[in-house]
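[1] please work out how this folds:
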Amino acid sequence: MGLTENIAKFVTTATYEDFPSKAVFAARHGIIDCVACALAGASEELTKILVGFAQDNGSGNAATLIGQGMKASAPMAALVNGAMGHALDYDDITRPFKGHPSVVCLPPALAVGEAVGASGREVMLAYMIAFEVGCAIGEGMGIDYADDLGWHPTAPLGTLSAAAAAARLLGLSHEQTTMALSLAASNACGLRENFGTMTKPFHAGNSSRGGVTAAMLVKRGYKAATTGLEGRFGFMHAFSGGRGEDVDKPLEHLGKQFYLEQPGVTIKKYPCCGSTHTPLDAFFELRKSKKIDHRQVESVDVLVDFDPPRSLIHSDPHSALEGKFSIQYTIAAALVDDKVGLAQFEDDGQVMRPEIRALIPKIKMKRNPGNEGKPSWVEAYNELRITLKDGTVLSQGQPRNYEGPVIGVTPEGMDMKFRDCASRALPDAKVNEALEILHNLEKQASIGSLMTAVSGK
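    A predicted model of the protein is given here:
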């Protein structure tokens with residue numbers, strides 16, 4: 001069997017018991033975080049537009065649109081829920097995926113799971129399978145996939161993960177799952193040029209919808225290749241820019257060692273691009289011992305473990321969305337506000353404050369010296385150097401943390417983030433109900449109770 005067929009075998013045969021307890025622990029955090037982020041994004045303008053689109057063009061009443069008090073078809077629900085889950089760029093990340101896994105694994109699982117009446121355990125398994133599939137394929141991609149070619153890594157890989165989740169819940173055969181993955185590969189897309197606009201969240205939703213659509217079409221008899229991933233003109237070669245892919249790599253660990261266990265999931269502390277997080281961690285570590293008056297800052301050098309700008313393409317942002325992909329704005333906001341949270345991206349006015357505009361030209365980003373031209377993240381180290389007007393230089397290094405299964409929060413911190421996010425869309429009673437269900441998702445006979453709790457009705 002080739003790669004696509006072997007991955008399809010994993011999708012169709014993996015059991016809940018195959019996943020070690022640490023992997024399930026990470027999955028629970030990823031699922032709770034994804035639902036939290038979707039609820040936080042439920043009132044965003046891009047969500048309103050997509051909900052209107054669903055109302056005008058959707059058909060069916062199969063799956064809940066989170067926080068909207070309505071249902072749509074499974075593919076449409078995957079689109080809307082995936083986009084709103086990524087709307088604030090507050091959702092989890094993981095290194096092998098080279099992006100955001102849960103927002104393209106959970107919305108398809110919830111949409112199809114609700115449509116077919118799946119149990120909580122079945123939805124959790126589909127999520128975990130999808131996570132492992134995306135990470136495994138990501139490990140075999142050429143280095144240009146996540147760097148120079150301009151792909152938003154979450155989106156193409158996410159379409160394959162979404163197809164895996166949907167195929168499992170639809171009960172597709174091995175042959176059908178192979179074709180669903182190949183069909184999904186032809187539906188994959190997403191460009192970094194659109195970062196800082198509504199289209200970046202659309203990538204997650206579109207990938208979720210694309211994977212669900214592929215699996216549903218194949219279930220109806222639609223045909224596709226059986227070598228869509230590894231073929232000469234397949235996904236891995238094409239999305240790697242025609243060089244550097246390793247079609248054997250994905251099978252080295254799939255089903256043997258679990259990416260959910262190591263490196264696990266990183267739960268975001270800040271609602272902005274993950275590439276800003278290690279520099280921000282450096283700032284707040286420095287801030288523990290040094291009081292910094294932003295008015296006394298002469299310059300800031302941010303040394304990063306990738307060749308700039310990569311994802312941080314907005315050096316002079318003029319909107320909140322652009323600010324999420326700007327090291328200049330995020331560091332300026334940290335200096336001025338001593339925090340970087342949802343409020344710092346509430347509206348475009350945050351980015352245009354005079355004290356922020358004064359700092360932005362002073363903040364420069366560059367690669368750690370001696371690592372220019374190397375693949376992203378190889379040195380796994382960032383450093384912040386702040387020069388004050390009196391000549392004082394304050395510096396703080398920060399290594400990148402890859403030690404799972406859950407990075408960034410404690411279980412208590414995860415619950416706090418969920419309550420903070422969910423309260424933007426739900427009353428307290430529903431927040432508590434949803435969180436209780438999520439903590440016991442594998443015990444739920446149906447995910448209907450969860451979807452009712454987060455529906456916003």
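[2] neighbours around the nearest residue to residue 91 once chain neighbours are set aside, how many?
    Spatial nearest neighbour of residue 91, chain neighbours left out: residue 37 (4.4 Å); criterion: C-beta to C-beta, 6 or more residues apart in numbering. C-beta here means a position set from N, CA and C on the backbone, and glycine is covered the same way. By other C-beta atoms under 10 Å, the residues close to residue 37 number 29.
[3] what of residue 369?
    Per other C-beta under 10 Å, the neighbour tally for residue 369 reads 7.
[4] distance check, the nearest residue to residue 453 once chain neighbours are set aside against residue 123.
    Closest residue in space to residue 453, ignoring its immediate chain neighbours: residue 434 at 4.1 Å, by C-beta to C-beta, 6+ apart. Going from residue 434 to residue 123 by C-beta to C-beta, to the nearest Å gives 14 Å.
[5] please apply the same query to residue 61.
    For residue 61, the distance to residue 123 equals 19 Å [C-beta to C-beta].
[6] please say which of those two ends up with more neighbours.
    In this view residue 61 and residue 123 are compared by other C-beta under 10 Å, and residue 123 has more residues nearby, 26 against 11.
[7] what's the residue of the chain most remote from its centre sitting at in phi/psi?
    Distance from the C-alpha centroid of the chain peaks at residue 390, with 41.5 Å (C-alpha atoms, centre = their mean). The phi/psi pair for residue 390 (degrees, to the nearest 10) reads phi -90, psi 10.
[8] so who does it touch?
    Applying C-beta atoms under 8 Å, 6 or more residues apart in numbering, we find residue 390 in contact with residue 296.
[9] could you check how far it is from residue 296?
    As defined by C-beta to C-beta, residue 390 lies at a distance of 7 Å from residue 296.
[10] with residue 333 instead?
    Distance of residue 333 to residue 296, given as C-beta to C-beta: 17 Å.
[11] surely the residue nearest to residue 453 forms part of a helix?
    Yes: counting by DSSP: H, G, I helix; E, B strand; the rest coil, residue 434 is found in a helix.
[12] got the buried residues for stretch 377-392?
    377, 379, 381-387 (16 or more other C-beta atoms under 10 Å).
[13] among these, which lie within strands?
    Assigned to strands by DSSP state E, the following of those qualify: 381-387.
[14] ok, these vs residue 244, which is closest?
    Nearest to residue 244 out of those is residue 381 (C-beta to C-beta; 23.9 Å).
[15] make a markdown table out of the buried residues of stretch 377-392 and add distance to residue 99 and pLDDT.
    Below are those laid out as a markdown table (distance: C-beta to C-beta, whole Å; pLDDT from 0 to 100):
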| residue | distance to residue 99 | pLDDT |
| --- | --- | --- |
| 377 | 13 | 83 |
| 379 | 20 | 86 |
| 381 | 21 | 93 |
| 382 | 18 | 95 |
| 383 | 24 | 96 |
| 384 | 24 | 97 |
| 385 | 28 | 97 |
| 386 | 30 | 97 |
| 387 | 33 | 97 |
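[16] can you put the residues you listed in TSV and add distance to residue 360?
    TSV is the format used below for those (distance: C-beta to C-beta, whole Å):
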residue	distance to residue 360
377	25
379	26
381	25
382	19
383	20
384	16
385	17
386	15
387	16
